[in-house]
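J.: Based on what follows, work out the 3D shape:
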Amino acid sequence: MSSCKEKDMARDILRDIKKLGIKKEVRIMEVCGTHTQTIARYGIKNILPENIKLISGPGCPVCVTPASHVDLAIKLAEEEDVIITTYGDAYKLPGSEKSLAEVGKNVKIVYSVDEVIEMCRAQRDKEFVHLSIGFETTAPAIASVLLKNPELENFSIIPSNKLIPPAMQYLIKNDCKIDGFICPGHVSAIIGAKPYERIAKVYEKPCVISGFEAIDVLKSILMILNQIKNNISKVEIEYKRLVKYEGNKIAREKMDKVFKASNAYWRGIGNIPSSGLKLRNRFKRFDAPKRYKIKLKDAKEIKPGCLCSKIIVGNALPTQCKLFRKECTPYKPYGPCMVSVEGACNVAFRYG
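T.: Purely as a prediction, here's the structure:
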């Protein structure tokens, strides 16, 4: 909050929060790594009343990517002479034994999947496999590439995209103590508000789709607390400057043409029904595990001593892990929550 106006707005919101007079403990979970960073960067936890607790959930796509998917990418790079592409945050993500960064060959960091397509066209004699990580935000780009380039024979993906609303429902069903959700802005720009309706109506958990500035997050907290004070639960959009109720229809249609929902393994959490995206039959030729006839094997998802399985669902803090800042740092991450700038441990390391 750099301007005097923003500071005044923050004071007004905090005053309104205190005016509500809520005395019981309220646990609000954010499920977006960018929100986690905003909360830490501006010290939002420290300026709220003590009974209002902000909990970091599984909002980092790199953190929940299974080690088995990393192992598969490594196997392809080392044994099949395939070039693996992925985003920078996933480069140091630990597999069972090592990361892609430790492979030393046949691994390229890209900023977008379009870069991979350019490589495919420039090097027709090489096979490229993209480790497709992300939530609903990145899935439309993958879908668009496959729709536009059906003739590509040297490109495939390891499908590891995840869906946020099913994970939120899973946490509620599995007794995670959550009273409301700050919903992700970028994801919601794609899917809209409707996918959260069940969470609000059936499970009676207020949901507010938030922007990424400190004021956005504070406003969203106030909106959630207002719902709790008035014994209502619904989906509201704080981030109206970007998010529409119906989301991005074109992006969703592309996703639906290429992918369908499937059960998926979330690292540190387990199998969550209908929370992943797998390729439809029409696009199976782009499925790397099927193309190379490699089955995903059981992997060491969480290593001994690592608390990521508790941290990722809000049941432990990064500072409660004995490895934090010692054996586990962003420079040499031991657990998945330390790898990405959106991971709870990485954020705590930088802003704690």
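J.: Distance check, the residue lying farthest from the centre of the chain against Asp81.
T.: Computed with CA atoms, centre = their mean, the residue of the chain farthest from its C-alpha average is Asp125, at 34.1 Å. Remark: distance between Asp125 and Asp81 (CB to CB, to the nearest Å) = 11 Å. All C-beta spots, glycine's among them, are computed from the backbone N, C-alpha and C.
J.: And for Leu225?
T.: For Leu225, the distance to Asp81 - CB to CB - is 56 Å.
J.: For those two, indicate the residue with more neighbours.
T.: Set side by side, Leu225 and Asp81 show more neighbours around Leu225, with 23 against 11, by other CB atoms under 10 Å.
J.: Thought His69 was touching Pro336, still the case?
T.: No - counting by CB atoms under 8 Å, Pro336 stays clear of His69, with 11.5 Å between them.
J.: For these two, indicate the residue with more neighbours.
T.: Neighbour tally, Pro336 and His69, criterion other CB under 10 Å: the higher count belongs to Pro336, 31 against 25.
J.: residue contacts, that one?
T.: Contacts for Pro336 (CB atoms under 8 Å, 6 or more residues apart in numbering) come out as 62-65, 67, 93-94, 267-268, 302, 308, 312, 343.
J.: Look up the pLDDT of it for me, please.
T.: Note on Pro336: pLDDT of 97.
J.: now it: how far from Asp71?
T.: 13 Å.
J.: Lys98 now?
T.: 9 Å.
J.: which stretches of the protein form helices?
T.: Here the chain has its helices, by DSSP state H, at 4-19, 33-41, 44-47, 67-79, 113-122, 139-148, 164-173, 185-191, 197-201, 214-229, 249-258, 288-291, 308-311, 344-351.
J.: Which one, of the ones you listed, ends up nearest to Tyr331?
T.: helix 344-351 (9.7 Å; CB to CB).
J.: Give me the packing partners of the closest one, helices and strands only.
T.: Judged by 3 or more CB pairs under 8 Å, 6 or more residues apart in numbering; DSSP states H and E, the packing partners of helix 344-351 are helix 33-41, helix 308-311.
J.: Need the residues that contact that helix.
T.: With contacts defined as CB under 8 Å, 6+ apart, helix 344-351 is touched by 33, 36-37, 40-41, 56, 60, 63, 308, 311-312, 317-319, 321, 324-325, 328-330, 333, 335, 337-341.
J.: could you dump stretch 112-123 to PDB, C-alpha only?
T.: Provided in PDB are the C-alpha atoms of stretch 112-123 (Å, rounded to 0.1, in the frame of the first residue of the first chain):
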ATOM      1  CA  SER A 112       4.400 -20.300 -22.600                       C
ATOM      2  CA  VAL A 113       3.400 -23.400 -24.500                       C
ATOM      3  CA  ASP A 114       3.600 -21.400 -27.700                       C
ATOM      4  CA  GLU A 115       7.300 -21.400 -27.300                       C
ATOM      5  CA  VAL A 116       7.200 -25.200 -27.300                       C
ATOM      6  CA  ILE A 117       5.300 -25.200 -30.500                       C
ATOM      7  CA  GLU A 118       7.900 -23.000 -32.100                       C
ATOM      8  CA  MET A 119      10.600 -25.500 -31.000                       C
ATOM      9  CA  CYS A 120       8.600 -28.400 -32.400                       C
ATOM     10  CA  ARG A 121       8.300 -26.700 -35.800                       C
ATOM     11  CA  ALA A 122      12.000 -25.700 -35.900                       C
ATOM     12  CA  GLN A 123      13.300 -29.200 -34.800                       C
END
